[in-house]
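Participant: Sequence and predicted structure are below.
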Number of protein chains: 2
Amino acid sequence: MVYGVILAGGRGERFWPKSKKKYPKQLLPIVSNQPMILETVERVSSLIPRNRIVIVAGKEHGVAIKKIVPGATLLLEPFGRNTACAIAYAAVFEINPEDIMLVLPADHYIPDKDLFLKTLKKAIKVAKEGRLVTFGVVPTRAETGYGYIEFGDEITKDVYEVKSFKEKPNQMQAQRFIREGRFLWNSGVFVWSSEKILSEIEKSMPEFYKELLNFKAERISLLKLYRKAPNISIDYAVMEKARDVAVIKSCFAWDDVGSWLALERVYKADSRGNIKIGLHKGLRTKDCIMVSDKGVIATLGTSNLIIIRHKDAVFVCDKGSAGDIKKLVHQLSQDKNFKKYL
Amino acid sequence: MVYGVILAGGRGERFWPKSKKKYPKQLLPIVSNQPMILETVERVSSLIPRNRIVIVAGKEHGVAIKKIVPGATLLLEPFGRNTACAIAYAAVFEINPEDIMLVLPADHYIPDKDLFLKTLKKAIKVAKEGRLVTFGVVPTRAETGYGYIEFGDEITKDVYEVKSFKEKPNQMQAQRFIREGRFLWNSGVFVWSSEKILSEIEKSMPEFYKELLNFKAERISLLKLYRKAPNISIDYAVMEKARDVAVIKSCFAWDDVGSWLALERVYKADSRGNIKIGLHKGLRTKDCIMVSDKGVIATLGTSNLIIIRHKDAVFVCDKGSAGDIKKLVHQLSQDKNFKKYL
């Protein structure tokens, strides 16, 4: 049986002011008219029914997720502890050893469902042979915001040995990765059996694995497990060290929707390069992203801006600075006048 | 006796989205916490009591003005017809021939009340000698947004003959005006006796003067008078042709508050050149004007922008384009989706 483990632990900073602590990106419609987490669940629904969907999320989002994805199993984390811990929790607590887990971030954009499912089916086959399968997306640009996977020999059609995992590169490295053609984007989508990932966790994180067993045997609480868990991603904790790792070359369009700039890759801009969600009118306005929940945005002589109006907050950002929104949100969080807008 | 004739006919385009057709700039607090028209009336209150204040305004603004300036006489125009007609209407209908009229736009910024009143007293003296007195403000920069007055020989201290009126100059001309030192800003503030201005209107606009007499004798309606009135400013219609014109050199700070950019001359910017009205937080934000009626504005990596949030409208403008706001508002007025925001 195949389970879908949806990682929904995001904090809602990058899509401020639309996303908030209480309503992070994954719970909101960002790239369509339904919440991203629901898009994610429905993408795999033909293969994985709702009762085999396991959502790992922060406890403060439990009520909202229950409403958005009724019928799914909810594993609520006492606090965020990165992906290694979330995946281990789901594997040890909810999924039988022989079952296959598809691990899927709740808030990625993958418009071509059919191609995704086709790739997924192949990955499941490979996972059943005892491999840790990661989805490597064929890069379409020298993106510096993603991690990369260097692939080696072909195992079977479109499935390769992994030579190395690469952290987010600088511009020159990214261009080299594209040129050399031996690198894929690390999508954070994985397929493996529960027993295989747990045995690799045992090898790479023996201390944490002991606590996992204690938790499973009800000798320690979930809170204690999380307190003892290292704050580390599954990539660093396990994948880079594990054997039997395979990457499946994936040709579907994929985006991690990491900032407002992602809208440029999701929506078609008009002839002046503007993307508009909500009522907008502009004069001499080009290459802007404008999003409003109500009312109007009007612009005059602007270019290369992101302008978001959501409820009582207006956010205006030069596109080149979009990556620093977390810093801004952090500053807002330090000022009591602004806290209610976060 | 001295009457204050307040010209309040503006259309509310330049301070959109704060100003609207129904609430143009003069009815709003733009440069302080009270409506500009009230500031204007109170500026002269020690010299001109409320019952000698005559406000000429569009009929659609009558109710609002009555609330803001109770006790003043209201002359409501059927439609806007520029300053020559408005001034003639007030002179012929409301003010005795021998009385002095101070003509004052409702929406100018003149913070130094004492210096203004001192200048006004001198102007009244000169007007009583049968002159048309115009206030010429000593320019502090090569502004291309104002008309200029070239002055000639001194009549009495700080009062000069007028050599010519100059329309808004280009940058080179404006710089020459400043360099030569013989030019003053045409403030649109005038002092004269009712009979003097009417006799000059008779000379310059004989057809219109006949209609004025017909209107005074109740042979034609106000609507008919306005329909027959030429759409022309008092400067072009009368001042440029009249004799006995004097300009009083005025040293008070003055601004016609012609666009959002005027806030830079009214409010002190912070150390990064930003002017903030309402809650704002920014990272790498400089030389911006940010105004919001509620909620917050947050900015990231922006410079030289005007960002206004008022009710359900957000307006973002590059400072260099601020002069084109009328064009934008015109475009909005052509689209039924946007009409309710004007």
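Facilitator: Sure thing, it's come through.
Participant: Give the burial count for the nearest residue to A:Val257 once chain neighbours are set aside, as a bare number.
Facilitator: Nearest residue to A:Val257 in three dimensions, chain neighbours excluded: A:Tyr109, at 5.1 Å (Cβ to Cβ, 6 or more residues apart in numbering or on different chains). Just so you know, the C-beta spots here come from the backbone N, C-alpha and C atoms, and that holds for glycine as well. When neighbours are counted by other Cβ atoms under 10 Å in any protein chain shown, A:Tyr109 registers 19.
Participant: A:Tyr109 reaches A:Glu264, doesn't it?
Facilitator: No - using Cβ atoms under 8 Å, A:Tyr109 is not in contact with A:Glu264, being 11.8 Å away.
Participant: So which residues of chain A form strands?
Facilitator: Here chain A has its strands, by DSSP state E, at A:2-8, A:53-58, A:73-77, A:100-105, A:132-137, A:148-156, A:159-166, A:183-193, A:245-250, A:275-283, A:289-300, A:305-310, A:313-318.
Participant: Would you mind writing the CA trace of the fifth one as PDB?
Facilitator: The C-alpha atoms that make up strand A:132-137 are tabulated as PDB, following Å, rounded to 0.1, in the frame of the first residue of the first chain:
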ATOM      1  CA  LEU A 132      15.300   5.500  -1.300                       C
ATOM      2  CA  VAL A 133      14.000   7.400  -4.300                       C
ATOM      3  CA  THR A 134      14.200  11.100  -4.700                       C
ATOM      4  CA  PHE A 135      12.600  13.100  -7.400                       C
ATOM      5  CA  GLY A 136      15.200  15.200  -9.400                       C
ATOM      6  CA  VAL A 137      13.600  17.700 -11.600                       C
END
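Participant: List the strands paired with that strand, with their directions.
Facilitator: strand A:183-193 (antiparallel), strand A:245-250 (parallel) (DSSP bridges).
Participant: Can you name the residues that contact the closest residue to chain B within the stretch 51-200 of chain A?
Facilitator: Nearest residue of the stretch 51-200 of chain A to chain B: A:Gly145, at 16.8 Å (Cβ to the nearest Cβ). The neighbourhood of A:Gly145, defined by Cβ atoms under 8 Å, 6 or more residues apart in numbering or on different chains, consists of A:Lys168, A:Asp256, A:Gly258, A:Gly323.
Participant: Can you name the two of those that sit furthest apart?
Facilitator: By the measure Cβ to Cβ, A:Asp256 and A:Gly323 form the most distant pair in the contacts of A:Gly145, at 12.9 Å.
Participant: Return the residues of the stretch 201-342 of chain A in contact with chain B.
Facilitator: The stretch 201-342 of chain A has residues A:279, A:281-284, A:292, A:294-302, A:305, A:307, A:309, A:311-318, A:320-322, A:324-325, A:327-328, A:331-332, A:335, A:337-338, A:341 near chain B, with proximity defined as Cβ under 8 Å from any Cβ of the partner chain.
Participant: and with 6 Å instead?
Facilitator: A:279, A:281, A:283, A:295-302, A:307, A:309, A:312-318, A:321, A:324, A:328, A:332, A:337-338, A:341 (Cβ under 6 Å from any Cβ of the partner chain).
Participant: Separate out the buried members of the residues you listed.
Facilitator: A:279, A:281, A:283, A:295-302, A:307, A:309, A:313-318, A:321, A:324, A:328, A:332, A:338, A:341 (16 or more other Cβ atoms under 10 Å in any protein chain shown).
Participant: What helices and strands are in contact with the longest helix along chain A?
Facilitator: Longest helix of chain A, by residue count under DSSP state H: helix A:113-128. If you count contacts as 3 or more Cβ pairs under 6 Å, 6 or more residues apart in numbering or on different chains; DSSP states H and E, helix A:113-128 packs onto strand A:132-137, strand A:183-193, strand A:245-250.
Participant: can you put the ones you listed in TSV and add mean pLDDT?
Facilitator: Listed next are these as TSV, based on pLDDT from 0 to 100:
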stretch	mean pLDDT
strand A:132-137	98
strand A:183-193	98
strand A:245-250	98
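Participant: Can you tell me how far A:Leu222 is from chain B?
Facilitator: According to Cβ to the nearest Cβ, to the nearest Å, A:Leu222 and chain B sit 36 Å apart.
Participant: wait, what's in contact with that residue?
Facilitator: Under the criterion of Cβ atoms under 6 Å, 6 or more residues apart in numbering or on different chains, the contact list for A:Leu222 is empty.
Participant: who touches the residue of the stretch 1-150 of chain A found nearest chain B in this structure?
Facilitator: Residue nearest to chain B within the stretch 1-150 of chain A (Cβ to the nearest Cβ): A:Pro17, separated by 7.3 Å. By Cβ under 6 Å, 6+ apart, the contact set of A:Pro17 is A:His310, A:Ala313, A:Phe315.
Participant: Check whether the first one really touches A:Lys20, as I assumed.
Facilitator: No - at 8.8 Å, A:His310 and A:Lys20 do not qualify as touching, with contact defined as Cβ atoms under 6 Å.
Participant: Mind listing the residues bridging to the most centrally placed residue in chain A?
Facilitator: Centroid-nearest residue in chain A: A:Pro105, 3.7 Å away (criterion: Cα atoms, centre = their mean). Per DSSP bridges, the residues bridged to A:Pro105 are A:Leu7.
Participant: Stretch A:325-337: which residues count as buried?
Facilitator: A:Ile325, A:Leu328, A:Val329, A:Leu332.
Participant: surely the last one meets A:Phe338?
Facilitator: Yes - checked against Cβ under 6 Å, the pair A:Leu332 and A:Phe338 is within contact range at 4.0 Å.
Participant: Give the residues shared as contacts by those two.
Facilitator: B:Lys281.
Participant: on that earlier part again, what does the pLDDT read for the residue of the stretch 1-150 of chain A closest to chain B?
Facilitator: We have a pLDDT of 96 for A:Pro17.
Participant: Ok, A:Gly10 next?
Facilitator: 82.
Participant: for it, what are its contacts?
Facilitator: A:Pro24, A:Lys25, A:Gln26, A:Asp107.
Participant: returning to what we had before: from the contacts of A:Gly145, list the buried ones, please.
Facilitator: The buried subset of the contacts of A:Gly145 (16+ other Cβ under 10 Å) comprises A:Asp256, A:Gly258, A:Gly323.
Participant: Could you export the residues you listed to TSV, including columns for pLDDT?
Facilitator: Converted to TSV, the buried ones among the contacts of A:Gly145 look like this (pLDDT from 0 to 100):
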residue	pLDDT
A:Asp256	94
A:Gly258	91
A:Gly323	90
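Participant: so can I have TSV of those residues showing distance to A:Ala91?
Facilitator: Listed next are those as TSV, based on distance: Cβ to Cβ, whole Å:
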residue	distance to A:Ala91
A:Asp256	23
A:Gly258	26
A:Gly323	33
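Participant: Tell me the one among those residues nearest to A:Pro139.
Facilitator: The closest of the buried ones among the contacts of A:Gly145, once distances to A:Pro139 are taken by Cβ to Cβ, is A:Asp256, at 12.7 Å.
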